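J.: Provided below are the primary sequence and the corresponding predicted coordinates.
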Amino acid sequence: MSQFIESICCIDGELQLLELHQARVNRTFFTNYGLLAKPIRLNRVIKQIPSKGKFKCRVEYDNEKVEVNFTPYQTPKISSLAIVEGGDVDYRFKYADRKALDHLYAQRNGKDDVLIVKDGLISDSYFANVAFFDGEEWWTPEEPLLAGVQRQYLLDQRLIQTTKIRTSDINKYEKISMINAMIDLEEIEIAATDIS
């Protein structure tokens, strides 16, 4: 099993946000395999791209091997979140091993997903970064578990801003949006009242 994964959105034959994905792969290589490591080049290892529809391109890799596959993608339905304590969970890199996150997800207690709290602050959900809407602007947690590419894109476009968000702050917001490489801002929204 490879150590890391990259999930890339492919729409009608076009890989989305590829430069941001490549930047994350580079950081992963240099941090985990040393500054002399040669990161995989996503535009070279991804071949036979589906020409129609929305697909999830999953790249599993380490410093010795790469596997790529495409699967048709449907946006999940999420309408409630359970707040869980993340403890010492570490997901700075997009690890293939998600056992620690799976353990937190198992604590959702009938809700659709979890909202993970680390060091007293909201971080991410099980599978996505999050952004909170206060009625005028979108805010994303300052310290996510994983610096997602969609989150970075939205920050670069100044569509969201960072701030510290505690569980006691949730009622100051109207709603929360899940964001990741496959999901745009406002595509999945959950009312703040459906977070507990």
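T.: Great, that's in hand.
J.: okay, Asn26 and Ala147: tell me how far apart.
T.: 13 Å (Cβ to Cβ, to the nearest Å). To be clear about C-beta, it is placed using only N, CA and C from the backbone, and glycine gets the same treatment.
J.: compare the two and say which is more crowded by neighbours.
T.: Ala147 (17 against 14; other Cβ atoms under 10 Å).
J.: now that one, nearest residue through space, not along the chain?
T.: Arg24 (7.5 Å; Cβ to Cβ, 6 or more residues apart in numbering).
J.: does the one you found sit in a helix, a strand or a coil?
T.: When classified by DSSP: H, G, I helix; E, B strand; the rest coil, Arg24 comes out as helix.
J.: shouldn't it be in contact with Phe4?
T.: No. If you go by Cβ atoms under 8 Å, Arg24 and Phe4 don't touch, sitting 9.3 Å apart.
J.: which residues do these two both contact?
T.: Lys94 (Cβ atoms under 8 Å, 6 or more residues apart in numbering).
J.: Gln150 falls within a helix, correct?
T.: Yes. Counting by three-state DSSP, Gln150 is located in a helix.
J.: what is the neighbour count of it?
T.: With other Cβ under 10 Å as criterion, Gln150 counts 23.
J.: in the sheet, which residues pair with the residue nearest to it when sequence neighbours are not counted? Tell me.
T.: The shortest distance from Gln150 to any non-neighbouring residue, by Cβ to Cβ, 6+ apart, is to Ile179 (4.8 Å). Counting by DSSP bridges, Ile179 forms beta bridges with Asn129.
J.: give me the distance between Ile179 and Asp119.
T.: 21 Å.
J.: please identify which of these two sits among more neighbours.
T.: Counted by other Cβ under 10 Å, Ile179 and Asp119 do not tie: Ile179 has more neighbours, with 28 against 9.
J.: re earlier: doesn't Gly148 make contact with the residue nearest to Gln150?
T.: Yes. Counting by Cβ under 8 Å, Gly148 is a contact partner of Ile179 at 6.7 Å.
J.: between those two, which contacts overlap?
T.: 128-129.
J.: give me the pLDDT for the residue in the chain sticking out farthest from the centre.
T.: Outermost residue of the chain with respect to the C-alpha centroid, by Cα atoms, centre = their mean, is Leu36; its distance is 27.5 Å. pLDDT, Leu36: 89.
J.: backbone phi and psi for it, please?
T.: When read as degrees, to the nearest 10, the backbone of Leu36 gives phi -90, psi 0.
J.: ok, Gly86 next?
T.: Torsion angles, degrees, to the nearest 10, at Gly86: phi -80, psi -10.
J.: can you tell me the closest non-neighbouring residue to Asp182?
T.: Just to correct that, residue 182 is Met rather than Asp. Met182's closest residue in space is Cys9 (Cβ to Cβ, 6+ apart), at 5.0 Å.
J.: list of residues touching the one helix or strand the one you found maps to?
T.: If you go by DSSP states H and E, Cys9 is part of strand 4-11. In this structure, residues lying in contact with strand 4-11 by Cβ under 8 Å, 6+ apart are 15-18, 21, 24-25, 28, 32, 42, 46, 49-50, 53-62, 70, 73, 93-96, 180-182.
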